[in-house]
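Chemist: Predicted model and sequence follow; I will ask about them next.
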There are 2 protein chains.
Amino acid sequence: MTTLQNRRIVLAARPHGEPSAADFRLETLAVPELKAGEVLLQTLYLSLDPYMRGRMSDAPSYAPPVEIGAVMVGGTVCRVAESRNPEYASGDLVLAYTGWQEYAVSDGAGLHKLGDLAHPSLALGVLGMPGFTAYMGLLDIGAPKAGETVVVAAASGAVGAVVGQIARLQGCRVVGVAGGTEKCRYVVDELGFDACIDHRAADFPAQLAAACPQGIDVYFESVGGAVFDAVLPLLNARARVPLCGLISQYNATALPEGPDRLTLLTGTLLKRRIRMQGFIIFDDYGPRYPEFLQAMSAWVAAGKIKFREDVVSGLEAAPQALIGLLKGQNFGKLVVEVAKV
Amino acid sequence: MTTLQNRRIVLAARPHGEPSAADFRLETLAVPELKAGEVLLQTLYLSLDPYMRGRMSDAPSYAPPVEIGAVMVGGTVCRVAESRNPEYASGDLVLAYTGWQEYAVSDGAGLHKLGDLAHPSLALGVLGMPGFTAYMGLLDIGAPKAGETVVVAAASGAVGAVVGQIARLQGCRVVGVAGGTEKCRYVVDELGFDACIDHRAADFPAQLAAACPQGIDVYFESVGGAVFDAVLPLLNARARVPLCGLISQYNATALPEGPDRLTLLTGTLLKRRIRMQGFIIFDDYGPRYPEFLQAMSAWVAAGKIKFREDVVSGLEAAPQALIGLLKGQNFGKLVVEVAKV
């Protein structure tokens, strides 16, 4: 029997609207002894992502909710601390989905060896789910052509930053949308977008229209709300709208007041022959992950795709960091450093 | 100078809501003399289609509006009555877009020879724009697989009837939606759909759900409104929604009252990874018309695709027939027999 203790964060209550600290609970349990075929994983990095808000609710969604009292889910980079599985050796780095905890026992299912990745946390960002989401959503659904105008919501975020840089590599005019001057400056100066509009500006719709004199051919949607409302009238005939998230809506507890604009949206899709398509990256494109990883690793190595991480320290910081993420307070891919590499 | 008189129907006023007879005006003018290179076309059949409501408005749409005082637009089957163009001989049948009038002068641009078509009016229906819309929307955007459930709005109409029959040929379970018992019976008994639900029934949403025990994989949309509202909660993950029309909305003069369900739609597209795509058949698929014509002619000849025409007589009957079409009063592809073949 090991005396190792596992600290973990469980869902204490389902949030109504914005999550609060009271919706989470930190627990400490003994780590169980390994059986034959199992490995003990120590979490190094935990990824925090907007989709987690959905898992905290029991409304019907694309994945089952986290049960009350269960460990919060999440992608992780782990080190094999102990192994009774011949496939894994102590010290191996793996990509896992062990959630908000310091240790987890696994039989090896669903683990991916990371090899000698120089910066293992990137497997949660530009080389992981967010980068893959950007790559497939833009190239497969958005299908941008050189000279077209691509607008990217949450442009300084983990997905948006990659979307815009790939679109630039395709020869597109790329306009980002982000919250605040600092993020907008980063998007243009560091990431090389042609423009970035602050959605907090009072005249945001007019600024966006001015930045898209030829209209919008691809809108990469992850936000919804007022950003989508400003984009909709600017969409060109045959525009494509890949839809990977709607972060502005996740904390909503009821539909907004009328009028009912459902018919405005369907009418616009019809008149302008627009394709709008939701997708969940690993469900819809899982088999193409190797293709993505090869292309993106080369771009990153060549300095063609830049990225930024927002690292918070310690498992106990995760709840507040997720709450901030849902308000747009992070800057770059948000990860929790749970243990030192 | 010929003494031939042309009767034509022009747009007298832009309708607010439902069109009325007063929005149209019948005029009689002398037919002009032909110049070198021109042909005189006599209209045999005029197609009436829901999209015409849009052309009567000056709201932004995918095509410019008909000007006040101008001839109402529309697809026609014409006979060459006189020719000063070496490409055409007197007596040739052509597919044209000469609108609501008995005669038109053309320089040959945009005409398609119909050869010895046994039933030339079919070039306005199952072998023309409606059939082509059904074929491409279902097969290219809907991409149905054998065993999937396909729901078809306006199932007894010119487009819907063909959509459902092609889906049956693909091995799908096909559920139609139509207005009234007679249309529903026709859709099942004559067209071979697996089921057809009357959208006028008080418990229409429950009946539709019962007819789709496996959910809906493809919804071919041409109606909007209450039919779409009943379909939305039944759409499966990865469903496809080709969108060729929204007839229930064409006469609307304002958005419906709230709550605002725009986010309900975008949230559903995201969570269930749905593709929704508007299209305008000849704009988006024009070059594939020959492929369609070959496939559909073979199906029609083999009796695999059935169709029904709703023929009204005389140009002066067109306004009332279009008004009825927008209320769902026609039964089959609506054409006006302007002159006897």
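Modeler: Now that the structure is in, tell me what you want to look at.
Chemist: Might one say that residue A:160 is in contact with residue A:154?
Modeler: Yes: if you go by CB atoms under 8 Å, residue A:160 and residue A:154 touch, sitting 4.3 Å apart. (Each C-beta comes from the backbone N, C-alpha and C, glycine too.)
Chemist: so what's in contact with the two at the same time?
Modeler: A:178, A:222 (CB atoms under 8 Å, 6 or more residues apart in numbering or on different chains).
Chemist: I'd like to know how many residues surround the residue nearest to residue A:147 when sequence neighbours are not counted.
Modeler: Nearest non-adjacent residue to residue A:147, counting by CB to CB, 6 or more residues apart in numbering or on different chains: residue A:171, 6.5 Å away. Residue A:171: 12 surrounding residues under other CB atoms under 10 Å in any protein chain shown.
Chemist: And residue A:100, by the same measure?
Modeler: 28.
Chemist: so what's it up against?
Modeler: A:8-10, A:46, A:71-74, A:315, A:318.
Chemist: go again using 7 Å as the cut-off
Modeler: Residue A:100 makes contacts with A:8-9, A:46, A:71-72, A:74, A:315, A:318, as judged by CB atoms under 7 Å, 6 or more residues apart in numbering or on different chains.
Chemist: Among those, which are located in strands?
Modeler: The strands, defined by DSSP state E, take in A:8-9, A:46 from the contacts of residue A:100.
Chemist: from the residues you listed, which is closest to chain B?
Modeler: Proximity of those to chain B (CB to the nearest CB) peaks at residue A:46, which lies at 24.0 Å.
Chemist: The nearest residue to the closest one once chain neighbours are set aside: how many residues sit nearby?
Modeler: Nearest residue to residue A:46, sequence neighbours excluded (CB to CB, 6+ apart): residue A:336, at 4.2 Å. Neighbours of residue A:336 under the rule other CB under 10 Å: 25.
Chemist: again, but for residue A:53
Modeler: 20.
Chemist: Next: residue A:326.
Modeler: 19.
Chemist: which residue packs closest to residue A:241, ignoring adjacent ones?
Modeler: Residue A:241 sits nearest to residue A:276 (CB to CB, 6+ apart), 4.2 Å away.
Chemist: go on, residue A:256?
Modeler: Excluding the flanking residues, the one nearest residue A:256 by CB to CB, 6+ apart is residue B:260, at 4.4 Å.
Chemist: can you tell me the helix or strand for that neighbour?
Modeler: Taking DSSP states H and E as the definition, residue B:260 sits outside all helices and strands.
Chemist: how far away is the residue nearest to residue A:46 from residue A:43?
Modeler: 9 Å (CB to CB, to the nearest Å).
Chemist: who are the neighbours in contact with residue A:82?
Modeler: Per CB under 7 Å, 6+ apart, neighbours of residue A:82: A:34, A:39-40, A:90.
Chemist: Same question for it, what's its three-state structure.
Modeler: Following DSSP: H, G, I helix; E, B strand; the rest coil, residue A:82 is assigned to strand.
Chemist: Who does it form a beta bridge with?
Modeler: residue A:40 (DSSP bridges).
Chemist: Any residues of the stretch 101-250 of chain A in contact with chain B? List them.
Modeler: A:224, A:243, A:245-246, A:249 (CB under 7 Å from any CB of the partner chain).
Chemist: Now render the residues you listed as TSV, adding neighbour count.
Modeler: Shown next, in TSV, are those (neighbours: other CB atoms under 10 Å in any protein chain shown):
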residue	neighbour count
A:224	22
A:243	25
A:245	26
A:246	24
A:249	19
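Chemist: Count the residues that sit near the residue of chain A found nearest chain B.
Modeler: Nearest to chain B in chain A, going by CB to the nearest CB, is residue A:258, at a distance of 1.6 Å. Using other CB under 10 Å, residue A:258 has 13 neighbouring residues.
Chemist: Is residue A:246 in contact with residue B:268, as I believe?
Modeler: No: taking contacts as CB atoms under 7 Å, residue A:246 lies outside contact range of residue B:268: 10.5 Å.
Chemist: neighbouring contacts of the helix or strand harbouring residue A:133?
Modeler: Using DSSP H and E, the element containing residue A:133 is helix A:129-136. The contact list for helix A:129-136, computed with CB under 7 Å, 6+ apart, reads A:75, A:125, A:158-159, A:162-163, A:166, A:244, A:281, A:285, A:288-289, A:292, A:296, A:333.
Chemist: what do you get for stretch A:113-123?
Modeler: Here stretch A:113-123 has contacts from A:44-45, A:77, A:92-95, A:309, A:335, A:341, using CB under 7 Å, 6+ apart.
Chemist: what helices or strands is the longest helix anywhere in chain A leaning on?
Modeler: The residue-count maximum for a helix in chain A (DSSP state H) belongs to helix A:289-301. Applying 3 or more CB pairs under 7 Å, 6 or more residues apart in numbering or on different chains; DSSP states H and E, one finds that helix A:289-301 contacts helix A:129-136.
Chemist: Put the alpha carbons of the helix it packs on into CSV.
Modeler: Included here for helix A:129-136 are C-alpha records, laid out as CSV according to Å, rounded to 0.1, in the frame of the first residue of the first chain:
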residue,chain,number,x,y,z
MET,A,129,-6.7,20.1,-29.2
PRO,A,130,-6.8,23.8,-29.7
GLY,A,131,-4.3,23.8,-32.6
PHE,A,132,-6.0,20.8,-34.2
THR,A,133,-9.4,22.6,-33.9
ALA,A,134,-8.0,25.6,-35.6
TYR,A,135,-6.3,23.6,-38.4
MET,A,136,-9.3,21.4,-39.3
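Chemist: could you check the angle helix A:289-301 makes with it?
Modeler: Angle, helix A:129-136 to helix A:289-301, by axes from the mean of the first three to the mean of the last three CA atoms, to 10 degrees: 100 degrees.
Chemist: that older thread, contact partners of the one helix or strand the residue nearest to residue A:241 maps to?
Modeler: Assigned by DSSP H and E, residue A:276 belongs to strand A:275-278. For strand A:275-278, contacts defined as CB under 7 Å, 6+ apart pick out A:141, A:240-243, A:269, B:269-270, B:272-277.
Chemist: How about stretch A:256-271?
Modeler: Taking CB under 7 Å, 6+ apart as the rule, stretch A:256-271 contacts A:232, A:235, A:274, A:276, B:61-62, B:224, B:243, B:245-246, B:249, B:255-265, B:276, B:278.
Chemist: before we move on, the earlier item: buried sites along the longest helix of chain A?
Modeler: A:289, A:292-293, A:296-297, A:299-300 (16 or more other CB atoms under 10 Å in any protein chain shown).
Chemist: try stretch A:50-69
Modeler: For stretch A:50-69, by 16+ other CB under 10 Å, it's A:50-57, A:65-66.
Chemist: cool, and stretch A:165-176?
Modeler: A:165-168, A:170, A:172-176.
Chemist: Which of these fall within helices?
Modeler: Reading helices off the buried residues of stretch A:165-176 with DSSP H, I get A:165-168.
Chemist: show me what contacts the residue nearest to residue A:46?
Modeler: Contacts of residue A:336 (CB under 7 Å, 6+ apart): A:45-46, A:48, A:312, A:315, A:317-318, A:321.
Chemist: Listing partners with orientation, what would you give for the one helix or strand it maps to?
Modeler: Residue A:336 belongs to strand A:333-337 when assigned by DSSP H and E. Next to strand A:333-337 in the sheet, as set by DSSP bridges, lie strand A:39-47 (antiparallel), strand A:309-313 (parallel).
Chemist: Now do it, average pLDDT.
Modeler: Strand A:333-337 shows a mean pLDDT of 96.
Chemist: got it, and stretch A:160-173?
Modeler: Stretch A:160-173 shows a mean pLDDT of 98.
Chemist: that older thread, nearest to residue B:305, of the ones in helices among the buried residues of stretch A:165-176?
Modeler: Comparing these against residue B:305 with CB to CB places residue A:167 closest, at 42.9 Å.
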